[in-house]
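Student: from the sequence below, what's the structure:
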Amino acid sequence: MSIGLARYRELLKVTESQREELTKWAQSRTLPAGDVFRAKLILALAEGRTWSQIAAAFDTSRKTIALWKARFEESGIDGLEPRHKGSRPRAATASVQARVARRVQQKPPDGSTHWSCRKLAADLGLSHATVQRILAQARLQPHRLDRYMSSNDPDFEHKAADIIGLYLNPPQHAAVFCIDEKTAIQALDRLDPVLPLSPGRAERHGFEYYRHGTLSLYAALDVKTGRIEGKTTRRHTSADFIEFLAGIVDKTRWAKEIHIVLDNLSAHKTQDVRQFLEQNPKVRFHFTPTYSSWLNQVELWFAKIQRDVIERGIFTSVADLARKIRKYIQAYAKSAKPFRWTYTDPLRRIKVSQ
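Tutor: Numbers count the residues shown, from 1 in each chain. Below is the predicted model of the structure:
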């Protein structure tokens, strides 16, 4: 055997405690991959495997084997700790940060509506990682879009304060309901079978559907209990609305006053509705300001039934749609709770001007 080959087959001396520790490293699933690699390399040398065999098994080079062998012989297991501390984190200068912040608030020159990190990086001659880090620090999010609707109602403050007052401090022996209609709910039936949920795959619906028709849902949310009184109709006329109101009044005979929060739909202000209010003086309407449907709590429940029943529902007919809506309302009553609102900014309040 040549001297060089003997050197490569020379057994590396490893104590029992070192071998035990290295074996734990080699079998670990939580340590960094580099630590596991170096432990396996030293154990292979201790077993007497040639450098060529180790290089092929671990996809490494003789130079790497010699490096870690020498460090282990010099310092033991402590020598297997990597000595390269990595590159220092690069911090963008204030001028670079200002350039990024200014440019991202301008429109891209290619006609697109907003910047992406890579597009902005190419425009400024920076890396996308640098741009991404600067945008995150400045809390600039060009990929996001929020929509808003401002009310143009001159009596907004008064109406909003009146409704919020009903929620927070309702009159004694009174019932408070939030009423609205969810119109044009489509009874959609899928033409292709539904592929169920399975590991690694979401539930899948066929793209094509058949429309059986539509219906409207009248809903009244009891602010105190969170329960829902609902009724489905083919249309949403003033007569349907009055019939729904009559049902609410009949079920709330105990109340001395019935306060109803509702929007400014024309069907809520017809002559027939006014006559109904004259015949039922304990019923009082509180109209939300224009473009302020968020003040009507039943809208929160409409969003819930949209997610839970309608959005992914499959309905074989309009009657099937109505039946499933009623079933959901009945089940919801068992766990209904009132909605709790909080202000995110305590400095902002809606006040009635004196």
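Student: kindly list the longest helix within this structure.
Tutor: Secondary structure of the chain per DSSP state H: the longest helix is helix 318-333.
Student: how about that one: buried residues?
Tutor: 318, 321-322, 324-325, 328-329, 332 (16 or more other CB atoms under 10 Å). C-betas here are computed from N, CA, C, even on glycine.
Student: same check, this time on stretch 244-257
Tutor: Across stretch 244-257, burial judged by 16+ other CB under 10 Å covers 244-245, 248-249, 252, 255, 257.
Student: tell me how far it lies from the chain's centre.
Tutor: Chain-centre distance of stretch 244-257: 38 Å, with CA atoms, centre = their mean, to the nearest Å.
Student: show me the domain layout of the chain.
Tutor: By the assignment in automatic domain parsing, the chain contains the domains 3-80, 94-138, 156-333.
Student: and these as JSON lines, adding mean pLDDT?
Tutor: JSON lines is the format used below for those (pLDDT from 0 to 100):
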{"stretch": "domain 3-80", "mean pLDDT": "85"}
{"stretch": "domain 94-138", "mean pLDDT": "93"}
{"stretch": "domain 156-333", "mean pLDDT": "92"}
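Student: distance to Met149 added to the ones you listed, as a markdown table?
Tutor: What follows is the domains of the chain, written out as a markdown table (distance: least, CB to CB, whole Å):
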| stretch | distance to Met149 |
| --- | --- |
| domain 3-80 | 51 |
| domain 94-138 | 20 |
| domain 156-333 | 5 |
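Student: the ones you listed: which one's closest to Asp146?
Tutor: Between Asp146 and these, the tightest spacing by CB to CB is seen for domain 94-138, at 12.9 Å.
Student: for the closest one, measure first residue to last.
Tutor: End-to-end distance of domain 94-138 (CA to CA, to the nearest Å): 12 Å.
Student: before we move on, the earlier item: out of the buried residues of stretch 244-257, which are inside strands?
Tutor: Counted as lying in strands by DSSP state E, out of those, are Glu257.
Student: of the domains of the chain, which is nearest Phe339?
Tutor: Among the domains of the chain, domain 156-333 sits nearest to Phe339 (CB to CB), with 5.2 Å.
Student: pLDDT score assigned to Arg90?
Tutor: For Arg90, the model assigns a pLDDT of 68.
Student: can you give me the helices for the stretch 101-250 of the chain?
Tutor: For the stretch 101-250 of the chain, the helices defined by DSSP state H, counting those that start in this stretch occupy 117-124, 128-138, 156-168, 238-251.
Student: dump these to CSV, plus distance to Ala220.
Tutor: What follows is the helices of the stretch 101-250 of the chain, written out as CSV (distance: least, CB to CB, whole Å):
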stretch, distance to Ala220
helix 117-124, 48
helix 128-138, 46
helix 156-168, 14
helix 238-251, 5
